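Colleague: I'd like to go over a predicted model; first the sequence, then the structure.
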Amino acid sequence: MARPHEDSTDHPYDFRAQRLFVEDDLGEGALVPLDRDRAHYVSDVIRLEVGGHLHLFNGREGEWRARREAGGRREVLLRCEARLRAQAPRPDLDYVFAPLKHARLDYMVQKAVEMGAGRLQPVMTQHTQATRVNTERMRANAVEAAEQCGILSIPDVLEPLPFTRWLAGLEAGRTLLFCDEAAPLADPLAPLRAALPGPLAVLIGPEGGFAEGERRQLQGRAGTIVLSLGPRILRADTAAVAALALVEAARQGAAPPAD
């Protein structure tokens with residue numbers, strides 16, 4: 001993700017401005033009517049008055065400064081005035097995880113988006129405890145995290161897959177980072193830097209860990225990096241943040257691709 005001041009036009013970036021994700025097309029002079037929920041947010045939550053500004057993005061056409069044109073509490077019309085940032089490509093980073101329950105899943109989704117995940121893929125492993133996954137709620141959490149963190153692209157939120165089916169469908173050219181609590185302690189950055197840049201999938205297992213059969217399948221896949229996240233067993237939502245932070249650190253130190 002680019003910092004908000006990067007890839008900008010000549011228009012200054014207001015770091016205090018509220019950001020709002022919309023599905024509408026954006027462009028100079030474009031009018032964006034808000035649905036009931038977003039109109040309520042603009043009128044009653046952030047209390048944006050007519051003539052006030054906020055930032056809009058849709059994941060396709062960058063980020064735009066928009067002015068509230070008119071409308072009451074239930075009708076809000078915004079007009080795009082100037083593009084602040086060009087659209088950045090969605091990161092080619094899959095975050096693959098065994099679903100958790102309730103608030104901990106919300107937290108994990110939000111942090112994965114903040115840390116640069118481009119796709120969110122739930123997988124049902126042998127020891128997965130959650131039996132149902134609300135992908136609409138996951139997407140809502142992804143949108144909220146993107147709005148708050150200056151992210152331009154909303155990650156794809158995919159439907160859950162059985163572990164074996166997901167692994168069989170994983171592209172051969174995508175490096176898989178398998179975070180295994182049974183792996184020996186070693187430098188985690190060196191193998192990641194060797195694999196980057198390039199498509200990557202980060203896999204975090206369930207609270208009970210992977211079954212032995214699943215672990216053998218993962219270890220036997222070509223292009224899999226098996227590493228430990230440290231001397232302590234981490235909760236799944238904590239492991240997600242730790243693993244994605246390692247990926248970001250490795251990307252910062254990875255050599256640029258050869259011409």
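Modeller: It's in.
Colleague: Which single helix of the chain contains the most residues?
Modeller: When the chain is scanned for its longest helix (criterion: DSSP state H), the result is helix 236-253.
Colleague: Buried residues of that helix, list them for me.
Modeller: For helix 236-253, the neighbour count (16 or more other C-beta atoms under 10 Å) marks 236-241, 243-244, 246-247, 250-251 as buried. Where you see a C-beta, it was placed from the backbone N, CA and C, and this is true even at glycine.
Colleague: quick one: average confidence on the helix or strand hosting Ala82?
Modeller: Per DSSP states H and E, Ala82 falls inside strand 77-85. Strand 77-85 shows a mean pLDDT of 93.
Colleague: In it, which residues are buried?
Modeller: 77-80, 83-85.
Colleague: Determine which two of those residues are furthest apart.
Modeller: Leu77 and Arg85 (22.9 Å; C-beta to C-beta).
Colleague: just to revisit the earlier point, mind exporting the C-alpha coordinates of the strand holding Ala82 to PDB?
Modeller: Output of strand 77-85 as PDB, limited to C-alpha atoms (Å, rounded to 0.1, in the frame of the first residue of the first chain):
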ATOM      1  CA  LEU A  77     -25.100  13.800  -2.700                       C
ATOM      2  CA  LEU A  78     -21.400  14.100  -3.100                       C
ATOM      3  CA  ARG A  79     -19.500  15.500  -6.100                       C
ATOM      4  CA  CYS A  80     -15.900  14.400  -7.000                       C
ATOM      5  CA  GLU A  81     -13.600  17.500  -7.300                       C
ATOM      6  CA  ALA A  82     -10.000  16.200  -7.600                       C
ATOM      7  CA  ARG A  83      -8.200  12.900  -7.700                       C
ATOM      8  CA  LEU A  84      -5.700  12.700  -4.800                       C
ATOM      9  CA  ARG A  85      -4.200   9.300  -5.500                       C
END
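Colleague: counting contacts, what elements does it pack onto?
Modeller: With contacts defined as 3 or more C-beta pairs under 8 Å, 6 or more residues apart in numbering; DSSP states H and E, the packing partners of strand 77-85 are strand 31-33, strand 53-57, strand 63-70.
Colleague: before we move on, back to that, tell me the one among the buried residues of strand 77-85 nearest to Arg38.
Modeller: Leu78 (9.6 Å).
Colleague: First-to-last residue distance for stretch 114-124?
Modeller: Length of stretch 114-124, first residue to last, C-alpha to C-alpha, to the nearest Å: 24 Å.
Colleague: Report the distance from it to the chain centre.
Modeller: Remark: stretch 114-124 is offset 6 Å from the chain centroid, using C-alpha atoms, centre = their mean, to the nearest Å.
Colleague: For the lowest-mean-pLDDT helix or strand in the chain, buried residues please.
Modeller: Using mean pLDDT, DSSP states H and E, the weakest-scoring helix or strand in the chain turns out to be helix 189-195, at a mean of 75. Of all the residues in helix 189-195, those buried under the rule 16+ other C-beta under 10 Å are 189, 191-193, 195.
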